[in-house]
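J.: Let's see this in three dimensions:
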Amino acid sequence: MTSYFDESAVIWLTAVALIVASVVFIRACWAHRRESRDTVGLKPWLILGAVVIAVWAGVAAIELATESTLDLQLHYVCIASGCVWLVITLGWALGRITSRVLRRLERARAIA
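T.: As a prediction, this is how the structure comes out:
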């Protein structure tokens, strides 16, 4: 039986996703110290994410169909793409939340 599950690829993909998410998180944490600028890349990033999640759901629906011959490799790629997008997006969102907390702490320290 041929296995489509490559452990080293999953480990590398996870490592890359965590490193990229960490960088995104750290940059987002310091957003309150940078000048306010328009988030030009946010809208395309969210549109890309919506497409990735829609394809992910579509592939899952096709796979659950009664006579589906969908390749498992395609399903794994869709799951991995969705997970990488989610990890990076959650890193950005948590960084922005942390930035707001840090801004409030700095204001409180300046007042005291």
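J.: ok, now which ones touch residue 20?
T.: 84, 87-88, 91 (Cβ atoms under 8 Å, 6 or more residues apart in numbering). (C-beta placed from N, C-alpha, C; glycine too.)
J.: Quick one: mark the members of the residues you listed that sit in helices.
T.: Among those, the members falling in helices (DSSP state H) are 84, 87-88, 91.
J.: among those residues, who's most crowded?
T.: Tallying neighbours with other Cβ atoms under 10 Å puts residue 91 at the head of the ones in helices among the contacts of residue 20, with 22 neighbours.
J.: Leaving out sequence neighbours, find the closest residue to that residue.
T.: Nearest residue to residue 91 in three dimensions, chain neighbours excluded: residue 21, at 3.5 Å (Cβ to Cβ, 6 or more residues apart in numbering).
J.: pretty sure the one you found contacts residue 86?
T.: No. Between residue 21 and residue 86 there is no contact under Cβ atoms under 8 Å: 9.5 Å.
J.: related to what we said a few turns ago, run a quick neighbour tally on the residue nearest to residue 91.
T.: Residue 21: 20 surrounding residues under other Cβ under 10 Å.
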